[in-house]
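Novice: need the 3D shape of this:
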Amino acid sequence: MNTKKLCAYREVSLMKWLIHLALCPMILALGVLSPSGILCAEEAERLHPEKTMTAVRVNPLPPKIDGVLDDEVWQYAPIATGFTQKQPNEGEPATEKTTVQIAYDDESLYIGIMCYDSEPGKIVSRLTRRDQGAERDWISVNLDAHHDHQTGNFFGVDPSGCVIDGNLYSDTSGDTTLDGVWEAKTSIHDQGWSVEYKIPYHVLRFSSKDEYTWGINVDRTISRKKEQDWWIMVPSKESGHVSRFGHL
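Specialist: Below you'll find the model as predicted:
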């Protein structure tokens, strides 16, 4: 993957992915150049945050997917942080630090996430089947690989390594029908818990380019605090999800 940048974008609660919110249609994307279509497209662009993550090429070896962030690539990949609470105290800084790093090679995207926790003994982890919801800690990576501000995929993992994945569409809707072939391993330790992802490009099904800009957002749930943190947090009174992602 000949990428210098990838793109990161906005918010969605695991429990709200299936809820439709009203947003103006991207009429320009349908080829209808009406004034309302132009306004909707311009509004979507205005809402895109300037927050950016940068992916680095793996050199020379990809990380071992074991949930331990001790691989060479995590020593030099840029760190993204600065999460904001969606719940319970909307707009306040997250109470626990989360860091995200991204790397790539010709076959896959690699993501290393550290979920720091001041009380690691209270991390909530439950074993469930794939795509099954439960009250527990979570991390989810949301990607808009087409960079169309309307569609994408999400990849969620809990501290025990249970996963949920799905499709995002129409900006604010989603389902769990993806069932893609990707890897995620976790590790719980005295600083909190960490996860490593390996997402092959065929799961994302994007078109070939010389350089890529994607949409990205990451959200974290801290179960015992009833807290949900987002890298890009969209206030409850505002609409949109994929259209609000940051840039990768």
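Novice: where do the helices sit along the protein?
Specialist: 35-47, 73-76, 201-204 (DSSP state H).
Novice: weakest of those helices in terms of mean pLDDT?
Specialist: Of all the helices of the chain, mean pLDDT reaches its minimum on helix 35-47 (a mean of 42).
Novice: nearest spatial neighbour of the residue positioned nearest the centre of the chain, chain-adjacent residues omitted?
Specialist: Centroid-nearest residue in the chain: Val141, 2.3 Å away (criterion: C-alpha atoms, centre = their mean). Closest residue to Val141 apart from its sequence neighbours, by C-beta to C-beta, 6 or more residues apart in numbering: Phe155 at 4.9 Å. (C-beta placed from N, C-alpha, C; glycine too.)
Novice: dig out what that neighbour forms beta bridges with.
Specialist: Val141, Asp165 (DSSP bridges).
Novice: mind listing what it touches?
Specialist: By C-beta atoms under 8 Å, 6 or more residues apart in numbering, the contact set of Phe155 is 140-143, 163, 165, 180, 182, 184, 197, 199.
Novice: swap in 7 Å and give it another go.
Specialist: Contacts of Phe155 were listed using C-beta atoms under 7 Å, 6 or more residues apart in numbering, and they are 140-141, 165, 182, 197, 199.
Novice: distance to Thr95 and pLDDT for these - can I get that in TSV?
Specialist: Formatted as TSV, those follow (distance: C-beta to C-beta, whole Å; pLDDT from 0 to 100):
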residue	distance to Thr95	pLDDT
Ser140	18	97
Val141	21	98
Asp165	27	93
Trp182	29	96
Tyr197	24	98
Ile199	28	97
